[in-house]
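Q: compute the structure for the input listed below.
(one chain, ligands or ions: 2)
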Amino acid sequence: MSKSQEVPDEEFVRLSSIALRIPESRLSGMLKRRVLQNVSGFFPDHYRFDKGTAGFETGTALFKTDEGIETVRGFPKIQRAMILGVGIATHFEGLPEVAVEEKMNGYNVRVASIKGTVIALTRGGLVCPYTTEKVLENVGKDFFIDHPDLVLCGEMVGPDNPYVPKDIYHEVDSISFFIFDIRHKNSGKPLGVDEKHELCSHYNIKTVPYFGKYPLDEASRRITGIIRELGKKSREGVVIKDPEMKLPAIKYTSSKSNNNDLEYAFGFYNDYGKDFFFSRVVREGFQAVEWDEDEEALHERCCRLGESILKPMVNTIKKRRQGERITEDVQIRVHSLDTANKFEEHLRRMGIDAQFDEPKLVDGQYLIVIRKFNQSTNDRTSAILSGQLW
Ligand code: ATP
Ligand code: MG
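A: Ligands and ions are numbered 1, 2, ... in the order given. Prediction:
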């Protein structure tokens, strides 16, 4: 625990109380309970909400500047339609049309300029040194010179991805940043979908693929077609938005992506939360019914689901039986080893147990394989193999 958590920073509490309109005593209480935490040692020092509270989302980050406190709101949770038809009709009732974007599968990043320095925040509100280096390769500083009051929210996708590695995006060789929302600092209020696209095209910033706007009564049919096509390419799904961004967005994913997630996670079956598995199986049930599948299609879905669950687990058990250690291998690609060292420290702070292999110089960049230890799956599997009862 750093000094500043033991002794709440009075200046910070006073300024935040004004900026967030929360009584000082309440803020001090949050700091003591560590709902609100100081993040020191990173540049720039800041505070983050570890849990959503007082109307602030998890991952909301607070920065002390000369003008007071600047807030980058946490990215809001997106609810899922379990049944596309009735889900869209109910959630967007009264709107003439909805905007449909691809839901890309990587990790959520918010990029903002704080005191003139562009930083990338991951979901929990930490500044990630690797992401910051990579984002700056995609987003020029000119956007933030003109719009210091805006936050770019997007997904980092690609194979050189230390959190969610995927090589399903053939246009991405390494890792790349795709914007899906532009929001205001402090309020977190989003720009409309058209305004977002205009700004991004003006500054030459990539956005997630956009399918366009569909009348409400056609949307479900059209999105079903989109989902089937995305599924064939292993891509995740869609996010459906109010074009004016007044209503919250909702998401829907392909069966292929649900299965890919299961296949990945069951290799580390004891490290992932049970809800991760359960929710994906339930999605398959509702999709099969909504799509009114015949015996053959349903049988195929059952086989797909069963294979996604059992094969990776069997593989893990066999590997462990041969004495192999189960690791989740990811990789990063950096221009400077300093970034890699900072990233190693960053993972340690996040409580992730990982080992960095020796860097390999490839085309002028360092490629580093990171082995994350899934201790719980290793321990549980060994214990069972040596006779422990469940
Ligand atoms: P949560 O449900 O809390 O948002 P999660 O990671 O479990 O978190 P996901 O199922 O991945 O949720 O769906 C939400 C995430 O999808 C967003 O946080 C964002 O990172 C990502 N995303 C990808 N494409 C888009 C898009 N076009 N619009 C909005 N979010 C998108
Ligand atoms: Mg995701």
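Q: spatially nearest residue to Lys256 (excluding sequence neighbours)?
A: Gly231 (4.1 Å; C-beta to C-beta, 6 or more residues apart in numbering). Just so you know, the C-beta spots here come from the backbone N, C-alpha and C atoms, and that holds for glycine as well.
Q: chain center to the helix or strand containing that neighbour: distance?
A: Taking DSSP states H and E as the criterion, Gly231 maps to helix 216-232. Its chain's C-alpha centre and that of helix 216-232 lie 23 Å apart, by C-alpha atoms, centre = their mean, to the nearest Å.
Q: mind listing what's buried along it?
A: Residues of helix 216-232 classed as buried by neighbour count (16 or more other C-beta atoms under 10 Å): Ala219, Ser220, Ile223, Thr224, Ile226, Ile227, Leu230, Gly231.
Q: can you give me the pLDDT of the residue in the stretch 201-350 of the chain positioned nearest to ligand 1?
A: Per C-beta to the nearest ligand atom, the residue of the stretch 201-350 of the chain with the smallest distance to ligand 1 is Val239, at 3.7 Å. If you check Val239, the pLDDT there is 99.
Q: you'd agree it is up against Ile250?
A: Yes: using C-beta atoms under 8 Å, Val239 makes contact with Ile250 at a distance of 7.3 Å.
Q: what residues go with each domain of this protein?
A: 10-72, 79-253, 255-321, 327-385 (automatic domain parsing).
Q: start to end distance for the first one?
A: Here the two ends of domain 10-72 are set 21 Å apart, with distance taken as C-alpha to C-alpha, to the nearest Å.
Q: also the second one?
A: End-to-end distance of domain 79-253: 12 Å, with C-alpha to C-alpha as the criterion.
Q: what sits against whichever residue of the stretch 1-150 of the chain sits closest to ligand 1?
A: Here the residue of the stretch 1-150 of the chain nearest ligand 1 is Asn108; by C-beta to the nearest ligand atom that distance is 3.1 Å. Neighbouring residues of Asn108 by C-beta atoms under 8 Å, 6 or more residues apart in numbering: Phe75, Thr122, Arg123, Cys153, Gly154, Glu155.
Q: picking that back up, and the two most separated of the buried residues of helix 216-232?
A: Ala219 and Gly231 (17.9 Å; C-beta to C-beta).
Q: tell me if the strand or helix carrying Val151 is near ligand 1.
A: According to DSSP H and E, Val151 maps onto strand 150-157. Yes: counting by C-beta under 6 Å from any ligand atom, contacts between strand 150-157 and ligand 1 involve Glu155.
Q: what comes up buried for stretch 248-258?
A: In stretch 248-258, counting by 16+ other C-beta under 10 Å, buried: Ala249, Ile250, Tyr252, Thr253, Ser254, Ser255, Lys256, Ser257, Asn258.
Q: of those, which belong to helices?
A: Using DSSP state H, the subset of the buried residues of stretch 248-258 located in helices is Ser255, Lys256, Ser257, Asn258.
Q: the first one contacts Arg304, correct?
A: Yes: judged on C-beta under 8 Å, Ser255 makes contact with Arg304 at a distance of 7.2 Å.
Q: for the residue lying closest to Thr316 once chain neighbours are set aside, grab phi and psi.
A: Sequence neighbours aside, Gly267 is the residue nearest to Thr316 in space, at 5.2 Å (criterion: C-beta to C-beta, 6+ apart). Backbone geometry at Gly267, expressed as degrees, to the nearest 10, gives phi -70, psi -20.
Q: lovely, talk soon.
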